[in-house]
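A structural model of the following input is requested.
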Amino acid sequence: MIYFALFWAFFKVGAFSFGGGYAMIPLIEKEIIDIHHWLPMQEFLDVIAISQMTPGPIAINSATFVGYKVAGFWGSAMATLGVTAPSFLIILILALLILRYRHLPMLDAFFKGVRPAVIALIVQAAYSVGRNSFSGVKDFIVATAVFVGLYLLKINPLIIIALSAVIGILIY
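Numbering: from 1, shown residues only. Sure thing, here's the model as predicted:
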């Protein structure tokens, strides 16, 4: 029964939280602390801190950790499955609909309108991150070198990241 409770609690988090991981924190808190009493507040705060420090989305990391704390490996698996299932199902349904109706002019027009909006969002995010990331000439030189390596020289991004780390150690 605990496995279903973990799945359902995190399914609700995944289904009814919009806006990314930080927007999910209040619903995760309500499920974990208020409704199920799986963790005390201090431990919940530790979960959030750990979830932010580890790679991956906060909701998935916290579901995995809480599930493990409450019911071991299978609890972890069920909580993680629960938080990811809504997104998976929504994308699956949209993919099926798109494949079925891809020939409709309205769908083509929809994507023609969405593409520039997505590019604008990416450019805005790059501007926002870039504006706050450059603190000097060294940063600009490294960013320019990375861009040249990726775009013009077609160097593998993993190699670029490793080289950037080495350069960071050497020049900073």
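
Could you tell me which residues within the host helix or strand of Ala162 count as buried?
Using DSSP states H and E, Ala162 maps to helix 157-171. Residues Ile160 are the ones in helix 157-171 that count as buried (16 or more other Cβ atoms under 10 Å). Yep, even glycine has a C-beta here, placed from its N, CA and C like the rest.

And the most centrally placed residue in the chain, what's its pLDDT?
With distances taken as Cα atoms, centre = their mean, Pro57 lies nearest the centre of the chain, 3.9 Å away. In this prediction, Pro57 carries a pLDDT score of 87.

How much space separates it from Tyr3?
22 Å (Cβ to Cβ, to the nearest Å).

Tell me where the model's unsure across this protein.
19-21, 129 (pLDDT under 70).

contacting residues around the residue of it positioned farthest from its centre?
The outermost residue of the chain relative to its centre, with distances by Cα atoms, centre = their mean, is Pro105 at 32.3 Å. If a contact means Cβ atoms under 8 Å, 6 or more residues apart in numbering, then Pro105 has no contacts.

ok, which stretches of this protein are helices?
In the chain, the helices defined using DSSP state H lie at 2-16, 21-29, 41-53, 58-101, 105-133, 137-147, 157-171.

Please identify the deepest-packed of those.
Sort those by mean neighbour count, taking mean count of other Cβ atoms under 10 Å, and helix 2-16 sits at the top with a mean of 20.

In terms of residue numbering, what are the domains of the chain?
2-101, 105-171 (automatic domain parsing).

Please work out which residues outside stretch 12-24 touch it.
With Cβ under 8 Å, 6+ apart as the criterion, stretch 12-24 contacts 27-28, 31, 51, 57-59, 63, 82-87.

again, only using 10 Å
10, 25-32, 35, 48, 51-52, 56-63, 79-90 (Cβ atoms under 10 Å, 6 or more residues apart in numbering).
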